[in-house]
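>>> everything below, folded, please.
(one chain, ligands or ions: 3)
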Amino acid sequence: MKMRLAEIAKALQVDLTEEWADVVVTSVSFDTRSLQPGALFVPLRGEHDGHEYIKNAISNGAVATLWEEGHEGTPENFPRITVTDSLAALQKLAKYYLYKINPKVVAITGSNGKTTTKDMVAAILGEQFNVKKTHANFNNYIGVPITVLDMEPNTEVLVIEMGMDHFGELDGLSRLVEPDIAVITMIGEAHIEFFGTRDKIADAKMEITHGLKEDGVLIFNGDEPLLTQRVKKLTQETVTFGNRESDNFRGLNIVSNENKTSFRVSKWPDENFMIPMIGSYNVNNALAALSVGDYFRIPVKLMVKALSSFTLTKNRTEWIRGKQGEKILSDVYNSNPTAAKLVLKAFSEAKTAGKRIVVLGDMLQLGEHSKEMHAGLAEAIDPQKIKEIFLCGNDMEQLEEKLKDKFDSTQLHWYKTEEKKKLASVLQNEIEPEDLVLLKGSHGIHLEQVLNDLT
Ligand SMILES: CC(=O)N[C@H]1[C@@H](OP(=O)(O)OP(=O)(O)OC[C@H]2O[C@@H](n3ccc(=O)[nH]c3=O)[C@H](O)[C@@H]2O)O[C@H](CO)[C@@H](O)[C@@H]1O[C@H](C)C(=O)N[C@@H](C)C(=O)N[C@H](CCC(=O)N[C@@H](CCC[C@@H](N)C(=O)O)C(=O)O)C(=O)O
Ligand SMILES: Nc1ncnc2c1ncn2[C@@H]1O[C@H](COP(=O)(O)OP(=O)(O)OP(=O)(O)O)[C@@H](O)[C@H]1O
Ligand SMILES: C[C@@H](N)C(=O)N[C@H](C)C(=O)O
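Ligands and ions are numbered 1, 2, ... in the order given. Model (predicted):
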């Protein structure tokens, strides 16, 4: 971006000291640890208050800052815009910048598959448009405005991931970006602790349509009755993807192995599609992305090409070579029952001359039924396929109990969350070069620490 402070102050409808009017901002940052020279610093509150880091911001090259009125430590003689609430100002500035750049907006949500679908959509649209996509998993009330403000002036399409774990969050994000296309990948159990039922998760996910333009489109998983029921109330056009005869984009002839998944699509029966990743469930993500590409009239041959070589954000079923030559399937960004069962089943079919070893971390935010949901993973763990299991976290102890009749004590290990180092050490001694290792656990369990010990 390139905006004068005078323009930013006008967008925020606040006063500005005249001498600072021509200061030019080229980016916006809420974290001095990654702030780039030329940035407008936006102090936000986490465990600490971002205002404490103003000196770091200045030394790292910030040219101006937002500053909440009444805050101590005001940086005298440093360009600042005084606001009531810096987070609200960040969101308001994002809204202004979005209108200024005026891209088409594709908003993506769902219990699983948001990031994967976002990456696929960006790859497909990138064949013919200047695309800005969400960085990593920046998908909330901070991440979305930061993504908007990170757009280049020539951005034609904004592909934005939207996450939520409470009612009202997607409502706010949707009204902020006013999507032309909204995508709901699926309804699972992620964050069910805060909703109680999948039914209520579906209600929350439908909030993504609250800002959807009247001539916009909702693209959703037609295999999900919780969605097919709810979309009937919409005035906007709807498009479905999935595995039903009636779906606009239906997956066919799906063949998946550890490195790639090939499939066909009902709309283009003569085209062979391939995604360079394990897991037939990822075909639904690809179908959602193809639905978006079709809306933008991307030629199918370009969509085939884009999907065959797209770059997936790290730690989503990513194969990594371990120290001993083993292959590690890293799925450590997050976990919930649907995702865990699906990746366990896909991993169980991966070819190997050695053992398949599974490391499962707790699935967080599952609420009152968490323990039984953890035990329920047993249905996806076949002792004929999985030779050794390492479990990490309080609720995974339920799964250990459930598996004791299938695995003996040399094959089944449970550790507390804080014992990851010990888990990694024992695991290291079990691993042989031909083995495959799956790592899957919630963000808060931080299995990436085990991954780091193995690589
Ligand atoms: C407010 C904030 O910036 N938090 C980030 C900060 O967290 P922390 O509490 O450690 O901040 P501090 O107390 O250390 O610092 C306070 C502020 O000062 C800044 N600062 C600090 C030190 C310094 O030297 N310089 C500084 O400028 C600092 O940046 C703070 O602003 O740091 C963490 C580590 O980097 C960040 O992780 C944290 O970011 C939070 C989590 C955040 O929301 N970041 C967004 C950009 C984002 O989108 N993050 C996503 C994850 C989003 C997510 O969880 N999505 C959910 C669904 C939505 C749930 C919603 N209810 C919610 O609460 O988010 C999902 O399921 O996907 C990501 O990073 O992946
Ligand atoms: N369509 C899908 N259905 C079920 N599980 C999926 C699907 N897509 C991905 N997954 C599983 O969810 C994991 C996370 O995928 P991805 O990061 O794309 O989802 P996400 O919705 O962004 O997740 P999070 O909200 O945790 O960031 C994958 O590694 C895989 O295990
Ligand atoms: C990424 C974050 N919002 C999230 O989903 N957290 C899970 C539940 C966790 O803390 O593991």
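>>> from here on, contacts and neighbour counts on C-alpha atoms
Will do.
>>> mind checking how far the lengthiest helix in the chain is from the chain centre?
Counting by DSSP state H, the longest helix found in the chain is helix 86-101. On the basis of C-alpha atoms, centre = their mean, to the nearest Å, helix 86-101 sits 22 Å off its chain's mean C-alpha point.
>>> buried residues of that helix, list them for me.
Going by neighbour count (16 or more other C-alpha atoms under 10 Å), the buried part of helix 86-101 is 86-87, 89-98, 101.
>>> what parts of the protein come near ligand 3?
Residues of the chain lying near ligand 3 by C-alpha under 6 Å from any ligand atom: 334, 364-365, 442-444.
>>> contacts only, for the residue nearest to residue 90 when sequence neighbours are not counted.
Nearest non-adjacent residue to residue 90, counting by C-alpha to C-alpha, 6 or more residues apart in numbering: residue 145, 6.7 Å away. Residue 145 makes contacts with 90-91, 94-95, as judged by C-alpha atoms under 8 Å, 6 or more residues apart in numbering.
>>> can you redo the buried residues of helix 86-101 as CSV with pLDDT?
As requested, those are exported to CSV (pLDDT from 0 to 100):
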residue, pLDDT
86, 98
87, 98
89, 98
90, 98
91, 98
92, 98
93, 98
94, 98
95, 98
96, 98
97, 98
98, 98
101, 98
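>>> so is stretch 72-85 next to ligand 1?
No. Judged by C-alpha under 6 Å from any ligand atom, stretch 72-85 and ligand 1 are separated, with a smallest distance of 13.0 Å.
>>> before we move on, the earlier item: reformat the contacts of residue 145 as CSV; add distance to residue 175.
Formatted as CSV, the contacts of residue 145 follow (distance: C-alpha to C-alpha, whole Å):
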residue, distance to residue 175
90, 15
91, 11
94, 12
95, 9
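>>> what's the closest of these to residue 379?
residue 91 (44.3 Å; C-alpha to C-alpha).
>>> where exactly do the helices run in the stretch 1-150 of the chain?
5-12, 54-59, 86-101, 114-125, 143-149 (DSSP state H, counting those that start in this stretch).
>>> quick one, domains of the protein?
3-85, 103-308, 318-454 (automatic domain parsing).
>>> for residue 419, find the nearest of the helices of the stretch 1-150 of the chain.
Closest among these, using C-alpha to C-alpha: helix 114-125, at 29.5 Å.
>>> could you say what helices and strands that closest one packs with?
Secondary-structure packing of helix 114-125 (3 or more C-alpha pairs under 8 Å, 6 or more residues apart in numbering; DSSP states H and E): strand 104-109, strand 131-133, strand 157-161, helix 282-295, helix 300-308.
>>> which other helices and strands contact the fourth one?
It stands for helix 282-295. Secondary elements touching helix 282-295 (3+ C-alpha pairs under 8 Å, 6+ apart): helix 114-125, strand 217-221, strand 237-242, strand 249-256, strand 261-265, helix 300-308.
>>> in it, what's buried?
For helix 282-295, by 16+ other C-alpha under 10 Å, it's 282-294.
>>> using CSV, write down the CA coordinates of that helix.
Taking C-alpha atoms only, helix 282-295 is exported to CSV below (Å, rounded to 0.1, in the frame of the first residue of the first chain):
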residue,chain,number,x,y,z
ASN,A,282,-9.2,-33.1,0.0
VAL,A,283,-11.1,-33.6,-3.2
ASN,A,284,-14.0,-31.7,-1.6
ASN,A,285,-11.6,-28.8,-1.0
ALA,A,286,-10.5,-29.0,-4.7
LEU,A,287,-14.2,-29.1,-5.8
ALA,A,288,-14.9,-26.0,-3.8
ALA,A,289,-11.9,-24.3,-5.4
LEU,A,290,-13.0,-25.4,-8.9
SER,A,291,-16.5,-24.0,-8.2
VAL,A,292,-14.8,-20.6,-7.5
GLY,A,293,-12.6,-20.9,-10.6
ASP,A,294,-15.7,-21.7,-12.7
TYR,A,295,-17.4,-18.5,-11.4
